[in-house]
Every structure is written in structure tokens, then in C-alpha cells.
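Asks: with the sequence up front, the predicted model follows.
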Amino acid sequence: MAKVTSLWRHPIKSHGREAVYSTTLIAGQTMPGDRAWAVAHDASKADDTAWSPCANFNRVSKVPQLMAMTATLDDATGLVSLTHPELGNITFNPDGEAQPFLDWVQPIMPSERAQSKRFVKVPNRGMTDSDFPSVTICNTASHRAVERKLGMDMSPHRWRGNIWLDGFPEWEEFEWIGRDIQIGDAILRPQERTDRCPATNTNPETGLPDADVVSALDSFGHRDFSMRALVIKGGSIEIGSKAELI
């Protein structure tokens with residue numbers, strides 16, 4: 001039987017990951033607290049009225065050191081706490097004054113890149129890379145296949161997914177388009193594969209590139225890992241919840 005082995009959200013896009021024991025998905029929305037904010041750079045055209053493509057935001061592919069962040073979101077207060085091995089800790093409200101965060105993150109921002117400027121938040125959806133409000137489903141067996149190809153253990157945090165499932169054959173998830181999957185009380189409909197970029201080459205502990213993950217994916221005939229899914233029926237999911245195609 002396939003089941004949920006871990007659940008992750010990323011309160012600020014590309015700026016930290018947070019493990020959660022359970023979540024309650026809402027139809028047509030992203031995972032609560034996932035990519036609730038994104039950090040727009042000084043060349044961004046994004047605003048708070050609609051979804052914007054990832055090119056408008058600072059992210060791991062442009063600033064590898066961002067991969068080393070962990071995060072905690074206090075759902076009651078809206079406070080976000082970030083931790084980074086070089087920067088230490090900071091707690092702030094992204095809906096408030098951005099300057100404390102901008103000052104804190106500045107030391108790891110490459111001088112030749114567009115600099116972080118402000119937070120963007122769109123009502124009722126996270127700033128995922130897809131133009132629809134997606135939840136990312138990851139298959140542990142496929143992750144292990146990439147590890148074998150690389151000949152090394154590899155942190156699953158490189159994929160920055162939401163729901164991790166164990167119990168399905170490797171790469172089977174690519175066959176799920178056009179089908180629904182029930183996970184816990186929720187039903188999701190996989191829409192597309194998640195295409196991958198060199199951000200996955202970066203070690204989530206150090207923020208330094210240390211593996212050619214993209215080339216490993218190439219050896220399988222694609223550069224994809226995980227599925228972006230739409231929540232069709234809301235419901236609760238927790239670690240250990242059953243997952244099955246329906």
C-alpha cells in the first residue's frame with residue numbers, strides 16, 4: 001500500500017522549507033502556507049493582483065545559497081522564521097516591513113544578479129512555478145532511481161516538493177495524467193510533470209552545487225521529477241495517510 005512519508009511547505013518561495021505533520025488541502029488552491037510569498041527582485045514586473053512566472057523572483061537557480069535555508073511559518077501570527085548556516089536566524093512578518101529581511105539576506109546575494117526588493121503575495125494561492133495552483137507530488141522510488149544513477153545519497157529537499165509518497169514503482173507517476181489520486185481525504189488530479197533546472201544540483205545543507213542531477217535525469221530520457229497536481233476535492237492529509245489511484 002502506498003502512503004505519505006513526509007509533507008513539506010515552503011512559506012517563502014525558494015527561501016526555506018518546513019516539515020509539517022498534517023495539512024488540509026482546499027479544492028483549487030495550493031497547499032496552505034506553501035509559497036505564500038515570493039521575493040521580487042529589482043527588475044520584476046510582478047504585483048499582488050495575479051500569479052507571475054518565476055523569472056520575476058529570486059530563486060535557487062540564480063542564488064544557490066538560498067537552498068540551504070529552513071523555514072517555519074506561524075499560521076496564527078503570520079511570522080516567518082528563517083535559518084541559514086551563514087546568516088543565522090531571523091523572524092519577521094513578510095506582510096510588514098521587508099527591510100529587515102532584505103538586510104539579512106543581502107550577504108548571500110550575488111552582486112551580478114538582480115537584487116531582492118520586496119515581497120509579493122497573491123490571495124488564495126501560492127506562487128508556484130505552474131500557472132495553476134498546484135501541489136507537487138513526489139515518488140520516493142523515483143528519487144531512489146536518481147540516487148542510484150548518481151551513485152550517492154541525495155537529499156529529497158533538492159526537489160522542493162509538497163507530498164512524498166512511498167509504495168509506487170519508479171517513474172509510474174508520469175502515467176497519472178488523466179487520472180485522480182486520493183491521498184488521505186483529499187483527491188488530486190495530476191496535470192503535468194515538473195521540469196527541472198540546475199537548482200537541483202545544489203546541496204540543501206551547504207547551498208553549494210555538488211552533483212549533476214540534471215544530467216542524471218537526462219539519462220532517463222527526460223528532465224522531469226514529480227507531478228504538479230490540482231486539488232479536486234479538499235480534505236486532510238497526514239504522514240501515514242493512504243494514497244491510491246481512483
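Replies: The structure has been received and is ready for your questions. Numbering: from 1, shown residues only.

Asks: so what touches the top helix by length along the chain?
Replies: In the chain, with assignment by DSSP state H, the single longest helix is helix 140-150. Outside helix 140-150, the residues that touch it by C-beta atoms under 8 Å, 6 or more residues apart in numbering are 5, 153-154, 156, 159, 164-166, 168-173, 211-213, 216-217, 219-220, 225-226. The C-beta positions use only the backbone N, C-alpha and C, and glycine is treated the same way.

Asks: again, only using 7 Å
Replies: Residues external to helix 140-150 that are found in contact with it (C-beta atoms under 7 Å, 6 or more residues apart in numbering): 5, 153-154, 156, 164-166, 168-171, 173, 211, 213, 216-217, 219, 225.

Asks: list buried residues within these.
Replies: Among the contacts of helix 140-150, those scoring as buried are 5, 154, 156, 164-166, 168, 171, 173, 211, 213, 216-217, 225 (criterion: 16 or more other C-beta atoms under 10 Å).

Asks: inside helices: which ones of these?
Replies: 213, 216-217.

Asks: now the phi/psi pair for the residue nearest the centre of the chain, please.
Replies: Nearest residue to the geometric centre of the chain (C-alpha atoms, centre = their mean): Arg160, 3.6 Å. With angles defined as degrees, to the nearest 10, Arg160 sits at phi 50, psi 50.

Asks: that one and His10 touch, don't they?
Replies: Yes - between Arg160 and His10 a contact is recorded at 6.1 Å, counting by C-beta atoms under 7 Å.

Asks: can you list residues touching both of these two?
Replies: Residues touching both Arg160 and His10 (C-beta under 7 Å, 6+ apart) are Arg17.

Asks: I'd like the distance between Leu165 and Ser215.
Replies: In this view, Leu165 and Ser215 are 25 Å apart by C-beta to C-beta, to the nearest Å.

Asks: repeat for Ile187
Replies: Applying C-beta to C-beta to Ile187 and Ser215 gives a distance of 36 Å.

Asks: how many neighbours does Ile246 have?
Replies: When neighbours are counted by other C-beta atoms under 10 Å, Ile246 registers 7.

Asks: contacting residues for it?
Replies: Contacts here follow C-beta under 7 Å, 6+ apart; on that basis Ile246 touches 180-182.

Asks: closest one of the residues you listed to Asp103?
Replies: Ile181 (43.2 Å; C-beta to C-beta).

Asks: so that closest one touches Gln191, yeah?
Replies: No - here Ile181 lies out of contact with Gln191, judged by C-beta under 7 Å, at a distance of 11.8 Å.

Asks: the more surrounded of those two?
Replies: Neighbours were counted for Ile181 and for Gln191 using other C-beta under 10 Å; Ile181 has more, 23 against 15.
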